[in-house]
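Trainee: What shape does this take:
(2 chains)
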Amino acid sequence: MNDLLLEVENLQTHFFLDDGLVKAVDGVHLHIRRGRTLAVVGESGCGKSIMARSLLQIVTPPGKIVGGAIRYHRGPGDVVNLLDYDRKGPEMRAFRGREAAMIFQEPMASLSPVYTIGNQIVESFRLHFKVSKAEARTVAIEMLRKVGIPRPEARFDAYPHQLSGGMRQRAMIAMALICQPNLLIADEPTTALDVTTQAQILELLQKLQAELEMAVVMITHDLGVVAEMADDVAVMYLGQVVEQGSVDDIFYNPQHPYTRGLLASIPRLEGATRARLAAIPGTVPHPYARPGGCPFHTRCRERIINRLDMCKTEAPPLVQVGAEHHARCWLHHNQGVELSSEAVQLASLPLTTTGGH
Amino acid sequence: MHNVVLHEADSAPNTQHAALLQVEDLKMYFPIRKGLLQRKVGEVKAVDGVSFALRPGETLSLVGESGCGKTTTGRSIVRAYKQPPSAGRILFRGDNGHVADLARLSDAEMKPYRKAVQMVFQDPFASLNPRMTVRDIVGEPLRVNGMAQGRELEARVAELLHRVKLPPEFMSRYPHAFSGGQRQRIGIARALATNPRLVVADEAVSALDVSVQAQILNLMQDLQAELGLTYLFVAHNLSVVRYISDRVAVMYVGRVVELAETSKLFAMPRHPYTEALLANVPRPDPRARRSRIVLQGEVPDPANPPSGCHFHPRCPYAKERCRVEIPVLRELASGHHVACHFAEELTLRGVDTSAVAGASP
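Mentor: Just a heads-up that it's a prediction; the model follows:
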């Protein structure tokens, strides 16, 4: 497909810690398409943020990308593997900021407290474009206006601490988008915001995406944000994408037991008062104690128990379950299906033996 | 001690018992100090005239965005601040039917009530010594209040762990080894140690992953039924509130703007701010993408709130009167209280429960 922008193949990012090796990202495949929003969703420790940072090679030691490829389709016939570039080299520095930008939950992660908002935006622009300061200032003020900062000429000279939380978020977005990148990576961009401010920022991101025709990778734990923003969804668990598909497939036809569990456990505004929620038993395992086989088998209600006990012993492959829909689960694999017809029981894990979580 | 006659709880349909807690016109102002001499230059009216009642065994949620005063209200009730409330009464009915105004008690007088009114925090370990074992953490309130020691204390801690569904061998472990959900279970066990009647839960599930959040919400509902607890649940997440609350009070910049039974408040909000809050929660249903009611501006600074109705600069229905006159919280229908001048005239959009998406498997 020619709308492909970034092709992530078997990406592996590991952390070499004193207490052991943590495979934060362990074989992720993703397709990021021009002009579309891919939401990467999962609970804490699933590796979604590290995966996002790996795309820009901003993982810091002891973390290291140890394998895979990130193919960037710059234009027709012009494809480069970003992992061939040194993470501190000129090619990567040119890629970051100019072609791909990132925004964070906490705006002060990208804004410096000692420079004015305007100064920082002008600097990021002049890093990639040879223009005069006066020209850059005009562009920056226009960008501040575009992200909905009132009186941008005056706010140009404001320091980050002089702005409210929502305005700082907007300033960070202005800085990220000043070079009109092809890809915006947004890591929990609205998690720290109040719900009325969150709605403003989500709407702003949608507007800017349409205007700039950029691809967005939205990292979030909030399935509500996913449903509102995403075209495509990747669900992560313990460093792997366990299911990916269109937003409609994921919400209306989920195929991985973890996705089903997540959807069932979220409280909904339409829910019943005083109802019980269908919690997933247990807790996300500690990264040092990652279960073998399918990493989700310890919490799975649909685990296949047969003579091979394959969910426990063997890691399932990514299985195609629909046109653009994949799930990493034995339930959908030929081998799993055959064996299940033979001697399968679906385990229902007793909640009380979980030792509490 | 201040003895007072307790009013009947608000006139909601199932009012059978006298209120366990009645908060009347509670105000909590914090001074803003500046300069070398720390002169008082202003006040933050964090809580500015809040009234509600809690019936025994019910859950009332306080919801709102940052700076609305929900947390300060909860903490004022447990007297967590050095200063007493600036005004108002916090009437608490003890086991013997005796009613005390917690707002006016000295620290010494407050002591017996601290057993009866406990708090659960977002991160229960934030204020605890990391070198305490679970036994120390859960047992501390028992020791401090002279309720148990030695074997007896150990047995009681084991029982509390059992209640929150943790194995007794956790007793000798240290907090750093636990997951967020386990920590919250331990925090709840500690809060339950003194057999409280009222538990103030301050964003108790906000930091948890969704799959674990559901476990803790279920646990809290079970404990409430088993132990006859009354909850004041402070939260910003309206979807969570929907599941756990009998009634909901929506706060905005220090005041309650709407208070009603949960299902009524969600289906038929009567205050424009409640309508906007409900409309702005992202729905986990891609087929239900709808036009948002995007409010202008942000939550105002409680040190410098707008005149009249605090919500008027952001309210799509505001008129001149809203700018000048503070709306009082009044009962519009049985048990449904609203602070809006135009509540009768407005037709507001709630959550349509008839069109629940079949997103769950």
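
Trainee: What is the burial count for A:Pro62?
Mentor: Applying other C-beta atoms under 10 Å in any protein chain shown, we find 12 residues neighbouring A:Pro62. (Glycine included, C-beta is placed from N, CA and C.)

Trainee: measure it to B:Gly228 for me?
Mentor: 51 Å (C-beta to C-beta, to the nearest Å).

Trainee: just A:Phe104 next, same as before
Mentor: 45 Å.

Trainee: Of those two, give the one with the bigger neighbour count.
Mentor: Higher neighbour count among A:Phe104 and B:Gly228: A:Phe104, with 22 against 10, using other C-beta under 10 Å.

Trainee: Go ahead and confirm the more buried one touches A:Met175.
Mentor: No - with contact defined as C-beta atoms under 8 Å, A:Phe104 and A:Met175 do not form a contacting pair (11.3 Å).

Trainee: Now do the shared contacts for these two.
Mentor: Taking C-beta atoms under 8 Å, 6 or more residues apart in numbering or on different chains as the contact rule, the neighbours common to A:Phe104 and A:Met175 are A:Ser110.

Trainee: how near is the spatially most central residue of chain B to B:Met110?
Mentor: With distances taken as C-alpha atoms, centre = their mean, B:Val234 lies nearest the centre of chain B, 2.6 Å away. Distance, B:Val234 to B:Met110, using C-beta to C-beta: 20 Å.

Trainee: go on, A:Ala234?
Mentor: 52 Å.

Trainee: The two - which one has more neighbours?
Mentor: More crowded of A:Ala234 and B:Met110, by other C-beta under 10 Å: A:Ala234, with 27 against 16.

Trainee: Leaving out chain neighbours, which residue sits closest to that one?
Mentor: Leaving aside its sequence neighbours, A:Ala234 sits nearest to A:Gln244 (C-beta to C-beta, 6 or more residues apart in numbering or on different chains; 4.3 Å).

Trainee: Verify the assumption that the one you found is located in a strand.
Mentor: Yes - looking at A:Gln244 with DSSP: H, G, I helix; E, B strand; the rest coil, it is inside a strand.

Trainee: wait, isn't it in contact with A:Asp231?
Mentor: No - A:Gln244 lies out of contact with A:Asp231 (C-beta under 8 Å); the separation is 11.8 Å.

Trainee: Just want to know which of the two has more residues nearby.
Mentor: A:Gln244 (26 against 16).

Trainee: quick one, what contacts the more buried one?
Mentor: Counted by C-beta under 8 Å, 6+ apart, A:Gln244 has contacts A:Leu30, A:Asp232, A:Val233, A:Ala234, A:Val235, A:Ile250, A:His325, A:His326.

Trainee: how about the helices in the chain?
Mentor: Since you didn't name a chain, this refers to chain A. According to DSSP state H, chain A carries its helices in the segments A:48-55, A:90-98, A:117-128, A:133-146, A:152-155, A:165-177, A:195-212, A:223-229, A:247-252, A:257-265, A:310-313, A:334-343.

Trainee: not quite, I wanted chain B
Mentor: For chain B, helices defined by DSSP H occupy the ranges B:70-77, B:107-116, B:134-144, B:150-163, B:180-192, B:210-227, B:238-244, B:262-267, B:272-280, B:320-324.

Trainee: buried residues in the third one?
Mentor: Judged by neighbour count (16 or more other C-beta atoms under 10 Å in any protein chain shown), helix B:134-144 contains these buried residues: B:Val134, B:Arg135, B:Asp136, B:Ile137, B:Val138, B:Gly139, B:Glu140, B:Pro141, B:Leu142.

Trainee: who touches stretch B:79-91?
Mentor: Residues contacting stretch B:79-91 (C-beta under 8 Å, 6+ apart): B:4, B:6, B:19, B:21-30, B:47, B:49-51, B:75-77, B:99-105, B:110, B:114, B:119.

Trainee: mind listing what's buried in that stretch?
Mentor: By 16+ other C-beta under 10 Å, the buried positions in stretch B:79-91 come out as B:Arg79, B:Pro84, B:Pro85, B:Ser86, B:Gly88, B:Arg89, B:Ile90, B:Leu91.

Trainee: Now do the same for the fifth one: its pLDDT.
Mentor: Okay, so that is B:Gly88. B:Gly88 is assigned a pLDDT of 97 by the prediction.

Trainee: do the last one as well
Mentor: Note for B:Leu91: predicted pLDDT of 97.

Trainee: Does B:Val44 touch B:Pro305 like I think?
Mentor: No - taking C-beta under 8 Å as the definition, B:Val44 is not a contact partner of B:Pro305, at 9.6 Å.

Trainee: and the gap between the spatially most central residue of chain A and chain B?
Mentor: Centroid-nearest residue in chain A: A:Ile219, 3.0 Å away (criterion: C-alpha atoms, centre = their mean). Note on A:Ile219: its distance to chain B, by C-beta to the nearest C-beta, to the nearest Å, is 15 Å.

Trainee: Compute the number of surrounding residues for the residue nearest to that residue when sequence neighbours are not counted.
Mentor: Excluding its sequence neighbours, the residue lying closest to A:Ile219 (C-beta to C-beta, 6+ apart) is A:Asp187, at 4.5 Å. Neighbourhood size, A:Asp187 [other C-beta under 10 Å]: 20.

Trainee: A:Asp187 is in contact with A:Glu106, isn't it?
Mentor: No - look at A:Asp187 against A:Glu106 with C-beta under 8 Å: they stay out of range, at 9.6 Å.
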